[in-house]
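# I would like the atomic coordinates for the input below:
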Amino acid sequence: MAERDCPKCPFSPMDEVTVGELILDECPKCKGRWYDFDELARVVANPAAFAAAVEKGPLKPRQGQAKCPVCLEDMMNGGFGSEFVRVDQCAGHGFWLDENELRLLDKLLAS
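Model prediction:
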């Protein structure tokens with residue numbers, strides 16, 4: 001896999017980390033993680049609620065300031081399943097979650 005830079009920390013290459021059976025990209029500085037679409041679906045606690053949130057699309061989307069680590073285009077920032085958690089998303093490649101956003105996303109998708 002080609003080395004990818006963190007969308008939030010300029011000029012910071014991400015490390016590959018193993019989470020269960022997945023190999024994810026994680027920034028050593030901010031601890032955020034990049035998830036391809038299928039990867040995030042495999043790690044959330046409630047895959048059905050996740051699929052429904054993906055189908056609904058981002059809530060109150062706005063142009064984000066983070067660049068997709070795959071295509072280097074600006075990502076969209078929007079509420080995911082709830083307006084209480086906003087994630088950065090590249091429509092063609094996946095999601096960027098800050099360090100504690102997966103835990104928060106799981107809690108919000110469970111309610």
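# Where does the prediction get shaky in this structure?
Filtered on pLDDT under 70, the chain yields the residue ranges 1.
# where along it do the strands fall?
Along the chain, the segments classed as strands by DSSP state E run 15-19, 22-26, 33-36, 59-67, 74-79, 86-90, 94-97.
# Columns mean neighbour count on top of the ones you listed, output as JSON lines?
From N, CA and C alone the C-beta is placed, and that goes for glycine too. As requested, those are arranged in JSON lines below (neighbours: other Cβ atoms under 10 Å):
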{"stretch": "strand 15-19", "mean neighbour count": "12"}
{"stretch": "strand 22-26", "mean neighbour count": "17"}
{"stretch": "strand 33-36", "mean neighbour count": "22"}
{"stretch": "strand 59-67", "mean neighbour count": "14"}
{"stretch": "strand 74-79", "mean neighbour count": "18"}
{"stretch": "strand 86-90", "mean neighbour count": "24"}
{"stretch": "strand 94-97", "mean neighbour count": "23"}
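# okay, the ones you listed in CSV with distance to A51 next?
Listed next are the strands of the chain as CSV, based on distance: least, Cβ to Cβ, whole Å:
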stretch, distance to A51
strand 15-19, 20
strand 22-26, 18
strand 33-36, 14
strand 59-67, 16
strand 74-79, 16
strand 86-90, 15
strand 94-97, 14
